[in-house]
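Quick one, what's the 3D model for this:
(one chain, ligands or ions: 1)
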Amino acid sequence: MWKSAQGMEYLNEALRAMERDGLKRALRPLTPLGPTRALLHGRELTLFCTNNYLGLTHHPLVMKKAREALETFGAGSGAARLVSGHTPLHQTLEEAIARFKGCARALVFPSGYMANIAALSALAGRGDVVFCDRLCHASLLDGCRLSGAKTVRFRHNDPASLRSLLPQHPGRKRLLVTEGIFSMDGDTAPLASLHALAEQSDLGFIVDDAHGTAVLGPGGKGTPAAQGISSRGLVLTGTLSKALGSVGGFIAGDGVLIEYVMNKARPFLFTTALPPASAAAALAALEVVEGRPEILNLLWENVERMHRGLAAAGFAGAKTSPIMPLVLGSPERALRVAGRLLDRGYYVPAIRPPSVPPGTARLRITVSAAHTEEEIEGFLTALNEALEGESRESRVESQKS
Ligand SMILES: Cc1ncc(COP(=O)(O)O)c(C=O)c1O
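Purely as a prediction, here's the structure:
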């Protein structure tokens, strides 16, 4: 590390500033007891914060297939995909994802973050323009930066804002980027209007459906399918690490697009392949979702139950996804309410800037198909107690401008 005191002092001062502003993070070692429960320092907690929307992390078939793959293929993949890290499991998984998404081909990555930075950095470059929703996930913004393209951010979920910006930013190639379900707000993008604009203005259209995959649309096919939009011509990205209960990410789209990304994207070329056991787990999860789509009904019943409870507690919000933000404003306030919930046995960490815009710290409450009615009712009671003396005015609208 730096020999001069000055270098280390910079780090210490930055950490002190984070502490002062309520923005310092700490790791907590959770030992899962199943999809919705975990031990923290020997204490049992119920989780209302994971992206394990279908509880598939602990599904018997998913675990069995991962175990079998571990026995056959070993713990790691040993090299990048284009060296020796590509197995028949990766190939079958890519075929299954392409089929599920209604696309010609798919390409799998070790994480959804990498899929996003790969898509953007391969498809855009200097001289190009990327129009990006203002609340897009960090991985999409990092992808824009990595690409070297000019990034223009439009108002959240506002096609009119995008339309007004288009004539001001000509470029060699232009791309539009948004999310299916927004990760911190749980609302969905108006894909039909955005798609029409993309068609009119010849924009490549990337939809990150990390949270919509195996959640929204017929059979969980995702947000475009839920809004009646064909996958044809879209660049779809997503993760295997949320509703599909494993780890990894993907890009799905036209054959030429995937061939190009596979040859061009540095986050694909220069990293070790997804472990085979994770590919096997994701493949089994897709099999569960396709073979037993009624699992989605359990999720949506729980979304409905939680939404009703939150509305009764004074927090109205959109009932569009398993993500329900309870925007509390300051980091201190979010930390205070999260702490009170923890005291009562419920784990929902405070989400603070830079994960969300300043002034919109929140509890990001998520529900899963695996939650029981008792767990949700218990959580709602605890939440009401934790909010005692706090204003119930959710500020979710204020961040959208
Ligand atoms: C919208 C969105 N895209 C991409 C990612 C990254 O996915 P992964 O966790 O698989 O890297 C996330 C995860 O937080 C996300 O919320």
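
ok, the residue of the chain found nearest the ligand to Cys144 distance?
Taking CB to the nearest ligand atom as the measure, the point where the chain comes nearest the ligand is Gly112, at 2.5 Å. Using the backbone N, CA and C atoms, a C-beta is placed for each residue, glycine as well. Counting by CB to CB, to the nearest Å, the gap from Gly112 to Cys144 is 16 Å.

same question, Gly78
Gly78 is 32 Å from Cys144, by CB to CB.

Counting neighbours, go ahead and name the busier of these two.
Just comparing Gly78 and Cys144: by other CB atoms under 10 Å the higher neighbour count belongs to Cys144, 25 against 15.

coming back round to it: hang on, the residue of the chain closest to the ligand packs against Gly249?
Yes. Contact criterion CB atoms under 8 Å: Gly112 and Gly249 qualify, at 3.4 Å.

what's the overlap in contacts for these two?
Overlap of the contact sets of Gly112 and Gly249 (by CB atoms under 8 Å, 6 or more residues apart in numbering) consists of 210, 237-241.

Show me which pair in these is furthest apart.
The span of the shared contacts of Gly112 and Gly249, defined through CB to CB, is set by Thr237 and Ser241 at 12.6 Å.

shared neighbours of these two, which are they?
Common contact partners of Thr237 and Ser241 (CB under 8 Å, 6+ apart): 112, 249.

what secondary structure does Arg340 sit in?
Three-state assignment for Arg340 (DSSP: H, G, I helix; E, B strand; the rest coil): helix.

How many residues are close by Glu385?
Glu385 sits with 12 neighbouring residues when counted by other CB under 10 Å.

Strands of the stretch 301-401 of the chain, start to end?
323-329, 346-347, 350-351, 361-366 (DSSP state E, counting those that start in this stretch).

The chain now?
Using DSSP state E, the strands of the chain run over residues 30-32, 37-40, 43-47, 105-109, 129-133, 150-154, 174-179, 204-208, 235-239, 249-253, 323-329, 346-347, 350-351, 361-366.

want to throw these into TSV with mean neighbour count and mean pLDDT?
Putting the strands of the chain into TSV (neighbours: other CB atoms under 10 Å; pLDDT from 0 to 100) gives the following:
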stretch	mean neighbour count	mean pLDDT
strand 30-32	13	97
strand 37-40	16	98
strand 43-47	18	98
strand 105-109	24	98
strand 129-133	25	98
strand 150-154	19	98
strand 174-179	26	98
strand 204-208	25	98
strand 235-239	29	98
strand 249-253	29	98
strand 323-329	24	94
strand 346-347	22	98
strand 350-351	22	96
strand 361-366	25	96
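
Reformat these into CSV and put distance to Glu95 next to each item.
Listed next are the strands of the chain as CSV, based on distance: least, CB to CB, whole Å:
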stretch, distance to Glu95
strand 30-32, 30
strand 37-40, 34
strand 43-47, 33
strand 105-109, 8
strand 129-133, 29
strand 150-154, 33
strand 174-179, 25
strand 204-208, 21
strand 235-239, 15
strand 249-253, 11
strand 323-329, 30
strand 346-347, 37
strand 350-351, 36
strand 361-366, 30
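
What are the contacting residues of stretch 199-210?
Contacts for stretch 199-210 (CB under 8 Å, 6+ apart): 112, 116, 119-120, 123, 131, 136-137, 139-140, 166, 173-181, 183, 189, 191, 194-195, 197-198, 222-224, 233-239, 242, 249.

what about stretch 129-140 and the ligand, any contact?
Yes. Under the criterion of CB under 6 Å from any ligand atom, the ligand is reached by stretch 129-140 at 137, 139.

Do me a favour and get the end-to-end distance for that stretch?
Distance between the two ends of stretch 129-140: 14 Å, counting by CA to CA, to the nearest Å.

what distance separates that stretch from the centre of its chain?
13 Å (CA atoms, centre = their mean, to the nearest Å).

what do you get for stretch 251-268?
On CA atoms, centre = their mean, the centre of stretch 251-268 falls 21 Å from that of its chain.

got the buried residues for it?
Residues 251-254, 257-258, 261-262, 265, 267-268 are the ones in stretch 251-268 that count as buried (16 or more other CB atoms under 10 Å).

Need the CA coordinates for it. PDB is fine.
C-alpha atoms of stretch 251-268 as PDB (Å, rounded to 0.1, in the frame of the first residue of the first chain):
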ATOM      1  CA  ILE A 251     -27.500 -11.800 -23.100                       C
ATOM      2  CA  ALA A 252     -30.200 -13.100 -25.500                       C
ATOM      3  CA  GLY A 253     -30.900 -11.900 -29.000                       C
ATOM      4  CA  ASP A 254     -30.400 -12.400 -32.700                       C
ATOM      5  CA  GLY A 255     -27.800 -14.900 -33.900                       C
ATOM      6  CA  VAL A 256     -25.500 -12.300 -35.400                       C
ATOM      7  CA  LEU A 257     -25.700 -10.200 -32.300                       C
ATOM      8  CA  ILE A 258     -24.600 -13.000 -30.000                       C
ATOM      9  CA  GLU A 259     -21.900 -14.100 -32.400                       C
ATOM     10  CA  TYR A 260     -20.500 -10.600 -32.400                       C
ATOM     11  CA  VAL A 261     -20.700 -10.200 -28.600                       C
ATOM     12  CA  MET A 262     -19.000 -13.600 -28.200                       C
ATOM     13  CA  ASN A 263     -16.100 -12.400 -30.400                       C
ATOM     14  CA  LYS A 264     -15.900  -8.800 -29.100                       C
ATOM     15  CA  ALA A 265     -17.000  -8.500 -25.500                       C
ATOM     16  CA  ARG A 266     -14.000  -8.300 -23.200                       C
ATOM     17  CA  PRO A 267     -16.000  -9.200 -20.100                       C
ATOM     18  CA  PHE A 268     -16.800 -12.500 -22.000                       C
END
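
Good, we can wrap up now.
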